[in-house]
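K.L.:
Return a 3D structure for these sequence lines:
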Amino acid sequence: MADKRQVKVKVNGVEYEGYAEPRKLLSDFLRDDLELLGTHVGCEHGICGACTILFNGEPIRSCLMFAVQATGAEIMTVEGIAENGKLHPIQEAFNEHHALQCGFCTPGMLITVYHFLKENPNPTEEEAREAVSGVLCRCTGYTQIVEAVMAAAEKMRIAA
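P.N.:
Sure, this is the predicted structure:
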């Protein structure tokens, strides 16, 4: 283990400790070491957004960070959105509005929308479209995704 470094992180409220080579990407550590397979890896260049997670409350591309850089951080992956087995209003809205098809972009999209709606609970359609534009979806054309964001915002306002 001389070439590996200790990594301690809190992911979705659970403390994890592991070891990773200094060059291991955070996305790979989440998937391979912690077996949190919701974080998808697409382009490995930070362009597609499929690997988006919340890192200390801010959305980042986990393929652009080394696991060892995450030590001490609080991370939220798509697995952390649902609470006590109940879908989050964002997940419900995506399902109801058919805002996912192949599902590859969905984890990054859900995390992006989760952060966006915390920052802007009453968005315009244009703001919603801008918010999700950084996560590439090759299936939906974004229409259903924007509809789902607007519906989720309403659900969350009603629940508050």
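K.L.:
Which stretches in this protein count as strands?
P.N.:
5-11, 14-20, 52-55, 58-61, 74-76 (DSSP state E).
K.L.:
Got the domain ranges for the chain?
P.N.:
5-80, 89-159 (automatic domain parsing).
K.L.:
Mean pLDDT and mean neighbour count for those domains - can I get that in TSV?
P.N.:
Backbone N, C-alpha and C define where each C-beta goes, glycine included. As requested, the domains of the chain are arranged in TSV below (pLDDT from 0 to 100; neighbours: other C-beta atoms under 10 Å):
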stretch	mean pLDDT	mean neighbour count
domain 5-80	97	18
domain 89-159	96	18
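K.L.:
Output the strands of the chain as TSV; include the columns distance to residue 138.
P.N.:
Shown next, in TSV, are the strands of the chain (distance: least, C-beta to C-beta, whole Å):
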stretch	distance to residue 138
strand 5-11	28
strand 14-20	31
strand 52-55	16
strand 58-61	18
strand 74-76	25
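K.L.:
From the centroid of the protein, which residue is nearest?
P.N.:
residue 111 (3.3 Å; C-alpha atoms, centre = their mean).
K.L.:
Once you drop chain neighbours, what's closest to that one?
P.N.:
Leaving aside its sequence neighbours, residue 111 sits nearest to residue 52 (C-beta to C-beta, 6 or more residues apart in numbering; 4.8 Å).
K.L.:
you'd agree the one you found is up against residue 63?
P.N.:
No: between residue 52 and residue 63 there is no contact under C-beta atoms under 8 Å: 9.4 Å.
K.L.:
and stretch 75-92, how far apart are its ends?
P.N.:
Distance across stretch 75-92, first residue to last, is 22 Å (C-alpha to C-alpha, to the nearest Å).
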